[in-house]
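sequence and predicted structure below; questions after.
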Amino acid sequence: MTEDIPEITGDGGYDDIAQYLQSYIDEYQDFLSWIGTSVDDVGPGTMTMSIPYDQKLTNVRPAATADSDQRPDIHGGIAATLIDTVGGLALRTELEDPVDASIATINLNVNYLRPATGDLTATANVIRVGGTVGVSEVTVESTTPDGETKEVATGQGSYRVFRR
């Protein structure tokens, strides 16, 4: 880690964890940084992350007319990335030392409910963290063109937890 990334002290709270994770994403996770991933909220057994709508993340619809006011929808892989990322990182809130472990995805299940046409926000809730495996459930929401927030995907991830 570099000096630019804040340390989490033993008595640091969830705000410290959020700040640490955001700094880590910005400094070391080029893809997550490129798509605009931000850590919005961290609490015991839960985490919320978001990705802003950006044309570079959308599906191209060649049949759409140039004068169409319909916004292209975000590629489903972006929602899946968000589910995988927030689901795994949320497990850290249940660890005694949230930084002193490695987490790897074992299984990821994504259910797409409707197209995402605005900013994405994903909230993960930890189901269980055992000695070596953790499970999180995630809901992804997006804002529709008329300003309504709707669920666009749900998912569940299983992760291998490597404690030091």
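It's in. Numbers count the residues shown, from 1 in each chain.

show me what Ile51 bridges to in the sheet.
With DSSP bridges as the criterion, Ile51 is bridged to Leu120.

quick one: contacts for it?
Ile51 makes contact with 35-38, 57, 78, 82, 119-120 under the criterion Cβ atoms under 8 Å, 6 or more residues apart in numbering. Every C-beta, even on glycine, is put in place using the N, C-alpha and C of the backbone.

list the contacts of the nearest residue to Pro44 once chain neighbours are set aside.
Once flanking residues are discounted, Pro44 sits nearest to Thr93: 5.8 Å by Cβ to Cβ, 6 or more residues apart in numbering. Contacts for Thr93 (Cβ under 8 Å, 6+ apart) come out as 14, 17, 42-47, 126.

same question for Ile17.
Per Cβ under 8 Å, 6+ apart, neighbours of Ile17: 8, 42, 92-93, 98.

any idea how far Val60 is from it?
For Ile17, the distance to Val60 (Cβ to Cβ, to the nearest Å) stands at 37 Å.

ok, Ala153 next?
Using Cβ to Cβ, we find Ala153 at a distance of 20 Å from Val60.

cool, and Asn111?
From Asn111 to Val60 the distance is 24 Å (Cβ to Cβ).

of these two, which one has the most company?
It is Asn111, of Asn111 and Val60, that has more neighbours when counted by other Cβ atoms under 10 Å, with 11 against 8.

dihedrals phi and psi, the more buried one?
Note on Asn111: backbone dihedrals following degrees, to the nearest 10 are phi -120, psi 120.

perfect, that will be all.
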